[in-house]
Structures are given as structure tokens and as C-alpha cells.
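In: sharing a model that was predicted from the sequence below.
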Amino acid sequence: MKKIFLTFALALGLVGAAHSAGGGIAWDKAPNKINDLASLQNGAKVFVNYCLNCHSAAFMRYNRLQDIGLTDQQIKDNLLFTTEKVGETMKAAIDPRQAKDWFGANPPDLTVIARSRAGGGGSGADYLYTYLRTYYADDTKATGWNNLAFPNVGMPHVLWELQGKRVPVYETVQSHGHDAQVFKGWQQVTPGTMTPAQYDQTIADLVNYLQWMGEPAQNTRVRVGVWVLLFLSILTLFTWRLNVAFWKDVR
């Protein structure tokens, strides 16, 4: 029950944060690695283990993970927890009616969560990458957590065991004649099961997968687009030379 609640809170926080009016810190640039199969595979594993308990990806089928280098058997052995068929969509483990009774609303779908937030000088992937890495312990909040990218966030830090507890460090500076608190870095309070670098990499893989899941055909689209542009360039050259040959004797 605790795990179900935490995973629900994580994804619900993502959606709530994605519709936040603004505020917080500047977004960090998310590593764009949609061609990195190892990263996508690890991101899929994190997604299935931490998000899919409560939140569906209704527009994504398990067998589509073959596009990131997984076989049907690997999918069945490692990722197929909520159904027995690889051709099924990624349905949440929680019953929608129970979710509505417990939380007041059905958990939102996460298929295109990485595409639902853009602006602030970055992409939806940048926002999610920043949001999932800027939680900090805050005893003044009911959940015990706050977030620099989404101040006064209403959800706890679901991945805190991986990251550990930490608090932001501020520096007081003069701004327009008034004291202002400027974020300078982090102070680790308790260690997590991962090092900061490992945690950042895990979040990068998860965001990478969420970005890919929002448009699985994007790599093919880009690849085809490059070949089309090359073809059009060569065709333009031949057309130009043919035009010159046709009109060379016309005065």
C-alpha cells in the first residue's frame, strides 16, 4: 500500500508540476540520449518499477520496447508485471475505481508527460530532469518535502531512498537594495543508496525513456528526414544541370 501511494504521488506530482504556472529555478539541460539503447532500457525499467504501479501508459504497448533493443523474452522476464501479453498496453496495476476512492481521482496517464511541458527556456524533458533532481527535506511541509523547480509541491520525494536527504544552501546577496536568497548548492543530510552522479544518471535515463515514449518513431523520423534532404539536394543538383543543358543554345 505504501509503495502504491508513493508511486502514485510521484507521477501525479509530475503532472501537477507540468501545469505549474511558473516559479522555481532555471531548468537544467536534460541529456538528450534517445539513440542510447542502454539508457532507454534502464529508463524503461525504472518507469515500470516506480511509475506503472498506479499510472498507465495507455498509448504504449510492451512489444514496442523491441524498438529499444529488447526481445519479447526480456520484456516478459523483466518488465511484464501488470499483464501476461507483450502485445498489451502498459496498464497500471491499480484498479481505477480503487484509485478514485483512495485519492479522489484516477491517476493520469504518463505516455506523453515529457511533451506536456515546454517553455521557460527548455523542453518538457528539461523540466522533468530538473524537477526530479531538486527535491529537498522541508519540515514545514506536511509531506516533509519541497522542490526548487516546483515550490510548495504537494507530493513527497518518492525516490528519496535512492538520492538520500539533502537541503539547499543559500547565499544572501543585495538585489535592488534588498537582501535576496540565492541558491548556491546542496548539503547532503543523509546518504542515499546511489551516489549523486548515479542518481542523476538514473533520472536522466528515466526522462530519456519518457521522452522517447512520447514519440517512439522520432528516431526513425529524423533518420528518414536526413535521407530525404540528401535526396532532394542531389535531385536539385541534377535538375539545375539539366536546366542548363536544355537552355544552353537559347539566346
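Out: Perfect, thanks for sending it.

In: can you give me the helices for the stretch 151-251 of the chain?
Out: Taking DSSP state H, counting those that start in this stretch to define them, one finds helices in the stretch 151-251 of the chain at 160-163, 196-214, 218-247.

In: most tightly surrounded among the ones you listed?
Out: Comparing the helices of the stretch 151-251 of the chain by mean neighbour count (mean count of other Cβ atoms under 10 Å), helix 196-214 comes out on top with a mean of 21. Using the backbone N, CA and C atoms, a C-beta is placed for each residue, glycine as well.

In: now do the same contact list for the residue nearest to the spatial centre of the chain.
Out: Residue closest to the average C-alpha location in the chain (Cα atoms, centre = their mean): Val207, at 2.7 Å. By Cβ atoms under 8 Å, 6 or more residues apart in numbering, Val207 lies in contact with Ala30, Gly43, Ala114, Ala125, Leu128, Tyr129, Leu132.

In: just for the stretch 151-251 of the chain, where's the confidence low?
Out: 251 (pLDDT under 70).

In: what about 80?
Out: Confidence mapping of the stretch 151-251 of the chain against pLDDT under 80 gives the ranges 154-155, 174-177, 219, 249-251.

In: grab the longest strand from the protein for me.
Out: Looking across the chain with DSSP state E, the single longest strand is strand 178-191.

In: name the residues of that one that are buried.
Out: By 16 or more other Cβ atoms under 10 Å, strand 178-191 has no buried positions at all.

In: which other helices and strands contact that strand?
Out: Applying 3 or more Cβ pairs under 8 Å, 6 or more residues apart in numbering; DSSP states H and E, one finds that strand 178-191 contacts strand 164-175.

In: quick one: the strand it packs on to chain centroid distance?
Out: 26 Å (Cα atoms, centre = their mean, to the nearest Å).

In: report the buried residues of that strand.
Out: Gly164, Lys165, Arg166, Pro168.
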